[in-house]
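Novice: The following block contains a protein sequence and its predicted model.
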Amino acid sequence: MAERRRKFWGWGYEDQGPSHEQRQRMAERMAARFGLPELSFVAPPTEAELNLRAPRVKPPDSLASICSTSTYERATRSYGRGFRDIVRAFRRYYPNPFDFVAFPRDESDLIRVLEWCDSAKVAVSPYGGGSSVVGGVEPPAQGDYRGAVSIDLGKLDKVIEVDRVSRAAHIQAGVLGPALEDQLRPHGLTLRHFPQSFEFSSVGGWIATRSGGHFATLYTHIDDFVESLRVVTPTGVVESRRLPGSGAGPSPDRMFIGSEGALGIITEAWLRLQDRPKFRAGSSVAFPDFVTGAKAVRAISQAGLYPANCRLLDPGEAANAGANQGDAAVLVLAYESADHPLDPWIKRTLECCTDFGGKFNPEAAQTRTATEGIREGEGGAWRQAFLNAPYLMDAVVSMGMVSDTFETSITWDHFEEFHHQVMETARDSVTRICGKGNVMVRFTHAYPDGPAPYYTVLAPGRRGSELEQWDEIKAAVSDALIKHGGTITHHHAVGRYHRPWYDRQRPDGFARALKAAKHALDPNAILNPGVLIDP
């Protein structure tokens, strides 16, 4: 049986994605929404059309058996899976591919590859699942490197040890989300870290990019689960001590969490786990507008209730997800526990919503012991739309649309003005650059001191100019995020696309310290050049 292959040009496997009929219906809806003539599709690329540059370097004979120079392997890893990446793939535009891909079988293989790259002045980009939407996995475009290698950690995919007493596990960094949960399930444990990229992203990738996961409150980032790390660098292995907590100086783990492969390659981690949930309670609440709903979210987040899901959708997002007809904002709530029924928590949460005029079905909020409840009603519609979204991006690109997301965070005291300014900037730039379009927003996470708004842009593009239009909108909205006090990224990472705004956000003193750490761990600057800091 032929091995199932990932798309090199988009999200998922080659046999996945909307059918021809579904794509046609999408095109009809897009045309009707924006008053466009019939939309046509550009076919995805084939390997034969790529004509990649010949490799500039080749691996030594001692490493040849774990390396590949095939067109498919090189193309698959030369881009991530963001809008810009997929557009370039559909244009058959691969001017700077990796020269080869290495597949270390274990840490000793990885060390040998890294030593050779360091001595040969060859740039290295670690690769987990390739789900980056910020240019975090592609080869460097600048620098005096002889070549560039993608190191795919997919063979480091095991749960090494489970500590049931402490509820933790020792895990190799290359394991993807579904395979991790499959290995933890027999122990009755789960990491419960489910980013939207879960299906095709790895433990090491989550840690390297400080990914945001399933929990909308409390355990929001992978940071919350890391006990210790093992990292391979060009100057040696760095391994932190496994502890539940420590006050012994700056945390060595924190230096590598979010380092995006620029300081070292994460090979193993001890991660805190949880018992698999048995009890669930959830509800969806309608509000007259997004800002009113936001006030309810603030009340909930400051009440110490910590729902697993607390995602507020504006009317446009709600309609897009099929949660309603676009006539109200919708708050999707969910609690879960492995230990106890949840009626008091969901009851108090709904009381907070009532204080701000929220409307809901009281019968839907009872504790359940099965999973069906999370897949019903408005909440279920949002959940399905959330899971399907990555699979639709290929179709959006192929019909010439421009789409992107801007995720940030801001404190509650500045939220309303911040939200107004960002929405105004996004709408103005979309109208000016694309003529028309939609701007929608939802909360992905909520903290006692502020929310994480996630802005989505969808607009008709000009064939052949979609990237240039994307660049203009990206710059305008990113400028607004920084100008009005937000972060350039809450959970998508910095990569290469966010670098100009990250440089403005971070303190100068920290930038100097980061550069010094880079020089100490990677003196020849071969690790993911251009990400976080320049070589």
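Specialist: Structure's in. What do you need? Residues are numbered from 1 along each chain as shown.
Novice: buried set for stretch 120-127?
Specialist: 120, 122-127 (16 or more other CB atoms under 10 Å). For glycine as for every other residue, the C-beta is placed from the backbone atoms N, C-alpha and C.
Novice: Apologies, that question was intended for stretch 246-258.
Specialist: 251-253, 255-258.
Novice: Equivalent analysis for stretch 349-362, please.
Specialist: Result for stretch 349-362 [16+ other CB under 10 Å]: buried residues 349-350, 352-353, 356, 358, 360.
Novice: neighbouring contacts of that stretch?
Specialist: With CB atoms under 8 Å, 6 or more residues apart in numbering as the test, stretch 349-362 has contacts from 283-288, 292-293, 295-296, 299-300, 303, 305, 307, 328, 331, 333, 335, 365, 377.
Novice: can you rerun that using 10 Å?
Specialist: 281-289, 291-303, 305-307, 310, 328-331, 333, 335, 342, 347, 364-365, 377-378 (CB atoms under 10 Å, 6 or more residues apart in numbering).
Novice: pLDDT of it, averaged?
Specialist: The average pLDDT within stretch 349-362 is 95.
Novice: Run through the stretch 251-400 of the chain and note the low-pLDDT ranges.
Specialist: Residue ranges of the stretch 251-400 of the chain with pLDDT under 70: 370-385, 387.
Novice: show me where it has helices.
Specialist: 252-256, 290-301, 315-320, 343-354, 377-398 (DSSP state H, counting those that start in this stretch).
Novice: Indicate which one of those helices is closest to Ala513.
Specialist: helix 252-256 (9.8 Å; CB to CB).
Novice: rewinding a little: just give me the closest of the buried residues of stretch 246-258 to Arg92.
Specialist: Closest approach to Arg92 among these (CB to CB): Gly258, at 33.6 Å.
Novice: residues near the residue lying closest to Thr425 once chain neighbours are set aside, how many?
Specialist: Of all residues not flanking Thr425 in the chain, Ala480 sits nearest, at 4.1 Å (CB to CB, 6 or more residues apart in numbering). Residue neighbour count, defined by other CB atoms under 10 Å, stands at 22 for Ala480.
Novice: so what's Ala480 up against?
Specialist: So Ala480 contacts 406, 408, 418, 421-426, 428-429, 455, 486 (CB under 10 Å, 6+ apart).
Novice: Quick check: the farthest pair among the buried residues of stretch 246-258?
Specialist: Pro252 and Gly258 (13.1 Å).
Novice: Filter the buried residues of stretch 120-127 down to just the ones in strands.
Specialist: Judged by DSSP state E, those include 122-127 as members of strands.
Novice: Between the two ends of stretch 253-261, how far is it?
Specialist: With CA to CA, to the nearest Å applied, stretch 253-261 spans 14 Å between its terminal residues.
Novice: Hmm, I typed the wrong one, I wanted stretch 461-471.
Specialist: 12 Å.
Novice: Repeat that for stretch 147-158.
Specialist: Terminal-residue distance, stretch 147-158 (CA to CA): 31 Å.
Novice: avg pLDDT for that stretch?
Specialist: 98.
Novice: Tabulate the buried residues of stretch 349-362 (a markdown table), appending distance to Val226.
Specialist: Shown next, in a markdown table, are those (distance: CB to CB, whole Å):
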| residue | distance to Val226 |
| --- | --- |
| Thr349 | 29 |
| Leu350 | 34 |
| Cys352 | 32 |
| Cys353 | 34 |
| Phe356 | 36 |
| Gly358 | 36 |
| Phe360 | 36 |
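Novice: just to revisit the earlier point, list only those of the contacts of Ala480 flagged as buried.
Specialist: Using 16+ other CB under 10 Å, the buried members of the contacts of Ala480 are 406, 408, 418, 421-423, 425-426, 429, 455, 486.
Novice: Among those residues, name the ones in helices.
Specialist: Residues from the buried ones among the contacts of Ala480 lying in helices, with DSSP state H as the criterion: 418, 421-423, 425-426, 429.
Novice: Among the residues you listed, list the two that are farthest apart in space.
Specialist: Applying CB to CB across these, the maximum distance is between Phe418 and Ser429, 16.5 Å.
Novice: For His221, which residues are in contact?
Specialist: Applying CB under 10 Å, 6+ apart, the residues near His221 are 193, 195, 206-207, 209-213, 215, 257-258, 445, 490-491.
Novice: Confirm for me that Trp9 is in contact with Gly80.
Specialist: No. Counting by CB atoms under 10 Å, Trp9 sits too far from Gly80 to count as a contact (11.8 Å).
Novice: ok, then the element right after the helix or strand Ala475 falls within?
Specialist: Using DSSP states H and E, Ala475 sits in helix 466-483. Next in sequence after helix 466-483, counting helices and strands by DSSP H and E, comes helix 499-505.
Novice: Which neighbouring elements make contact with that next one?
Specialist: In terms of contacts (3 or more CB pairs under 10 Å, 6 or more residues apart in numbering; DSSP states H and E), helix 499-505 is packed against helix 466-483.
Novice: Could I get the buried residue list for the helix it packs on?
Specialist: Across helix 466-483, burial judged by 16+ other CB under 10 Å covers 466-467, 469-470, 472-474, 476-478, 480-482.
Novice: Now pLDDT and distance to Ala395 too, for the residues you listed, in TSV please.
Specialist: Output for the buried residues of helix 466-483, formatted as TSV (pLDDT from 0 to 100; distance: CB to CB, whole Å):
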residue	pLDDT	distance to Ala395
Glu466	97	14
Leu467	96	18
Gln469	97	18
Trp470	97	17
Glu472	98	23
Ile473	98	20
Lys474	98	21
Ala476	98	26
Val477	98	23
Ser478	98	26
Ala480	98	29
Leu481	98	28
Ile482	98	32
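Novice: just checking, Gly435 touches Ala459?
Specialist: Yes. Between Gly435 and Ala459 there is a contact under CB under 10 Å: 7.8 Å.
Novice: Tell me which of those two has more neighbours.
Specialist: Ala459 (23 against 13).
Novice: And the buried residues of stretch 349-362, which is closest to Arg74?
Specialist: So of these, ranked by how close each gets to Arg74 (CB to CB), first place is Thr349, at 49.7 Å.
Novice: Next, the buried residues of stretch 429-448.
Specialist: 429-430, 433-434, 437-447.
Novice: Check stretch 127-138 too.
Specialist: For stretch 127-138, the neighbour count (16+ other CB under 10 Å) marks 127-138 as buried.
Novice: swap in stretch 501-513?
Specialist: Result for stretch 501-513 [16+ other CB under 10 Å]: buried residues 501-502.
Novice: Name the residues that touch it?
Specialist: 134, 250, 255, 474-475, 478-479, 481-483, 486-489, 493-495, 498, 514, 531-534.
Novice: Show the contacting residues for Gly12.
Specialist: Gly12 touches 6, 81, 199-200, 390-391, 393-394, counting by CB under 10 Å, 6+ apart.
Novice: Put the buried members of those into a ChimeraX selection.
Specialist: Typed into ChimeraX, the line below selects the buried ones among these, using 16+ other CB under 10 Å:
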select :6,81,199,200,390,391,393,394
